[in-house]
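Visitor: What follows is a predicted structure for the sequence shown.
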Amino acid sequence: MTTAGILLEDYDFEIINTRSTLERVPEDNLAWVPHAKSMPLGRLAMHCATLPLFGAYIFEDDGMDMAAPKHPHIPLTFTTREAALQQLSETAARCRQSLASASDEALAQPWRFSFGEYLISNVSRSLTYRMMFLNHLVHHTAQIGVYLRLLDLPVPALYGPSADEQWTPKA
């Protein structure tokens, strides 16, 4: 199996988990935050819905300088749950396509990620993808799960049962 094939197994599983979590975001409490330093729920949900676009950029671009972006910033404004899910579908499809077409050679190449002169990382595309996109997505999806719990809303079963839902293995 190719490196991309292995990464796609994890990718597909995590996109399903993100979708399951976004399906629970309440439309009437989008400004809610658990702490003054936390991101509002609606913004966090849209961050998760759009994050796969960053994954696609890792495969499509030679690198990224956050101080001089090549791509427009997507607004993180939550309008409806359906719109957030549609955004996830679109960004996830693009990322999946870019990942599926990536060769082992391309995935082994370094991908420079910086903010101006500040170097964030300069490791292989495959490691950048896992560190800066996939782990990042898992982190924020889990963060929404915490928000849901604190709002006394059902938390989806993602890696096993939750206190609210039995787990069904995702094929």
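Guide: Done, it's in. Numbers count the residues shown, from 1 in each chain.

Visitor: Helices of the protein, start to end?
Guide: With DSSP state H as the definition, the chain shows helices at residue ranges 3-22, 41-60, 81-100, 104-108, 125-128, 135-150.

Visitor: Of those helices, which is nearest residue 33?
Guide: Evaluated over these, closeness to residue 33 peaks at helix 41-60, with 7.2 Å, by Cβ to Cβ. Any C-beta I mention is one placed from the backbone N, CA and C, and that applies to glycine too.

Visitor: for the record, mean pLDDT for that closest one?
Guide: pLDDT averaged over helix 41-60 equals 98, rounded to a whole number.

Visitor: who's in contact with the residue nearest the centre of the chain?
Guide: A centroid search over the chain (Cα atoms, centre = their mean) returns residue 137, at 3.2 Å, as the residue closest to the centre. Taking Cβ atoms under 8 Å, 6 or more residues apart in numbering as the definition of contact, the neighbours of residue 137 are 14, 18, 48, 51, 52, 55.

Visitor: make it 7 Å
Guide: For residue 137, the contact set (Cβ atoms under 7 Å, 6 or more residues apart in numbering) comprises 14, 18, 48, 51.

Visitor: now those residues in CSV, with distance to residue 32?
Guide: CSV is the format used below for the contacts of residue 137 (distance: Cβ to Cβ, whole Å):
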residue, distance to residue 32
14, 24
18, 19
48, 16
51, 20
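
Visitor: out of those, which is most surrounded?
Guide: The most neighbours of any of these, using other Cβ atoms under 10 Å, belong to residue 48, which has 26 neighbours.
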